[in-house]
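Visitor: The sequence isn't on hand, but the structure is:
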């Protein structure tokens, strides 16, 4: 939930094969906090898509890459007026390699840099800052391979201790990778003049293999950025174990496509987790709920949260778990359309997800249909938890 007298406006510079999470997490998190966000790409208009890349380390000497979600632009690059924006976000991935050669992009970045407006730049994004002459004398970090070019451009390079390392220097916030989003986004909010109230809540995520990539990473990191303690658990897995995720998208077929997503790291042990230790529960969608709904310990945990009246936020196929737990009777609820039958058979009142980004709160329960609804989904959960971002 955001409360503002003057809603900040932020611009994101996009390009094909930008890193998937490095564009969507700040895009949706900032919107959930009440910030107006426009995403643009040179040569493209509102409604066009940019292809994204899932980048992560496997067993090789550098990161592996696969296709991510299709990201839909909501503004037209040729029509923007830089002066109306309060801040700039530059995602990483491979897009900065060619965007750094685009004079219109360079002039845009110079406007923000010369005016002292907040700039948040991550991963390979500092290539664009270097091309714009915006790092001379500034402390900054980035993906490790950015070190030579940033030093040559006059920056004071900050060595990364981990892939979550962030550095703030005046109006400039830089980060190594999407692992650092919570701190990176928090720095940016404060640079925009934002203040977080109601933080410190303890929130539990119920995870499983092949949960939807965005549906775990976006709310997880958005809530961490608000200074909440967020744990992720999965049956039969412990702290440090991985869950594989799935990228679900619509690409012209009769149902969604699936591609491999980012590995997600579990932070706590499932056994022993109980509702009394947390203020809220979040259930991502994807394919994980199909098997989690069959686990009696999962059902018991969900019932504990619902019976205690604590906020429960569930999205997409996550409502399969709520249905199996028998906690939807008399509750107004939305979900991914294919889960409608589960909701109705469980005694829930079905709310049509039209449009697909529609979310709904009934008492302590927040439900959403799919990841395009994250801004509403996160904002409604923030409201139940008493968390605000004030500008």
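Guide: In hand now; what should we look at? Note that the structure is a prediction, hence the values are computed from the model and not measured.

Visitor: those helices in this structure, which residues are they?
Guide: Secondary structure of the chain, counting by DSSP state H: helices at 20-32, 95-99, 103-115, 126-131, 147-152, 181-191, 213-225, 288-292, 296-307, 319-325, 340-345, 374-385.

Visitor: any idea of the mean pLDDT in the last one?
Guide: In this case it means helix 374-385. Mean pLDDT, helix 374-385: 98.

Visitor: Check which helices and strands that helix is in contact with.
Guide: Counting contacts by 3 or more C-beta pairs under 8 Å, 6 or more residues apart in numbering; DSSP states H and E, helix 374-385 is packed against helix 20-32, helix 213-225, strand 280-283, strand 312-315, strand 359-362, strand 365-368. Bear in mind the C-beta positions are built from the backbone N, C-alpha and C, glycine included.

Visitor: so which of the helices of the chain gets nearest residue 362?
Guide: Of all the helices of the chain, helix 374-385 sits nearest to residue 362, with 10.5 Å by C-beta to C-beta.

Visitor: contacts for that closest one?
Guide: 1-2, 28-29, 31-34, 198, 201, 203, 214-215, 218-219, 222-223, 226, 279-280, 282, 311, 313, 315, 357-359, 361, 364, 366, 368, 388 (C-beta atoms under 8 Å, 6 or more residues apart in numbering).

Visitor: Pull the contacting residues for residue 251.
Guide: Neighbour list for residue 251: 70, 257 [criterion: C-beta under 8 Å, 6+ apart].

Visitor: So for it, what's the pLDDT?
Guide: In the prediction, the pLDDT value recorded for residue 251 is 93.

Visitor: Likewise for residue 3?
Guide: So residue 3 comes in at 50 (pLDDT).

Visitor: thinking residue 345 is in contact with residue 323, fair?
Guide: Yes: using C-beta atoms under 8 Å, residue 345 makes contact with residue 323 at a distance of 7.0 Å.

Visitor: Between the two, point out the one with more neighbours.
Guide: residue 323 (23 against 10; other C-beta atoms under 10 Å).

Visitor: Let me know the distance separating that one from residue 316.
Guide: Applying C-beta to C-beta, to the nearest Å, the value for residue 323 to residue 316 is 13 Å.

Visitor: Could you do residue 101 as well?
Guide: 39 Å.

Visitor: more neighbours, those two?
Guide: When neighbours are counted by other C-beta under 10 Å, residue 101 and residue 316 differ, and residue 316 comes out ahead with 30 against 12.

Visitor: if I pick that one, what's in contact with it?
Guide: By C-beta under 8 Å, 6+ apart, residue 316 lies in contact with 212, 215, 284-286, 335-336, 339, 368-371.

Visitor: Let's see that with 7 Å instead.
Guide: By C-beta atoms under 7 Å, 6 or more residues apart in numbering, residue 316 lies in contact with 212, 215, 285-286, 335-336, 369-370.

Visitor: do residue 183 as well
Guide: Residue 183 is in contact with residue 166, counting by C-beta under 7 Å, 6+ apart.

Visitor: Equivalent analysis for residue 204, please.
Guide: Shown in contact with residue 204 (C-beta under 7 Å, 6+ apart): 231, 233, 273, 278, 281.

Visitor: if we go to 6 Å?
Guide: Residue 204 makes contacts with 231, 278, 281, as judged by C-beta atoms under 6 Å, 6 or more residues apart in numbering.

Visitor: Give me the number of neighbouring residues for the residue nearest to it when sequence neighbours are not counted.
Guide: With sequence-adjacent residues excluded and distances taken as C-beta to C-beta, 6 or more residues apart in numbering, residue 204 is closest to residue 278, at 4.4 Å. Using other C-beta under 10 Å, residue 278 is surrounded by 23 other residues.

Visitor: My read is that residue 278 contacts residue 205, right?
Guide: No: contact criterion C-beta atoms under 6 Å: residue 278 and residue 205 do not qualify, at 9.9 Å.

Visitor: Quick check: which of the helices and strands packed on helix 374-385 is nearest to residue 74?
Guide: Short answer: helix 20-32, nearest of these by C-beta to C-beta, at 8.9 Å.

Visitor: In TSV: the helices and strands packed on helix 374-385, plus distance to residue 48, mean pLDDT and mean neighbour count.
Guide: Below are the helices and strands packed on helix 374-385 laid out as TSV (distance: least, C-beta to C-beta, whole Å; pLDDT from 0 to 100; neighbours: other C-beta atoms under 10 Å):
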stretch	distance to residue 48	mean pLDDT	mean neighbour count
helix 20-32	14	98	27
helix 213-225	19	98	26
strand 280-283	31	98	26
strand 312-315	26	98	29
strand 359-362	26	98	19
strand 365-368	25	98	28
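
Visitor: What is the neighbour count of the closest residue to residue 199 other than its chain neighbours?
Guide: Once flanking residues are discounted, residue 199 sits nearest to residue 227: 3.6 Å by C-beta to C-beta, 6+ apart. When neighbours are counted by other C-beta under 10 Å, residue 227 registers 15.
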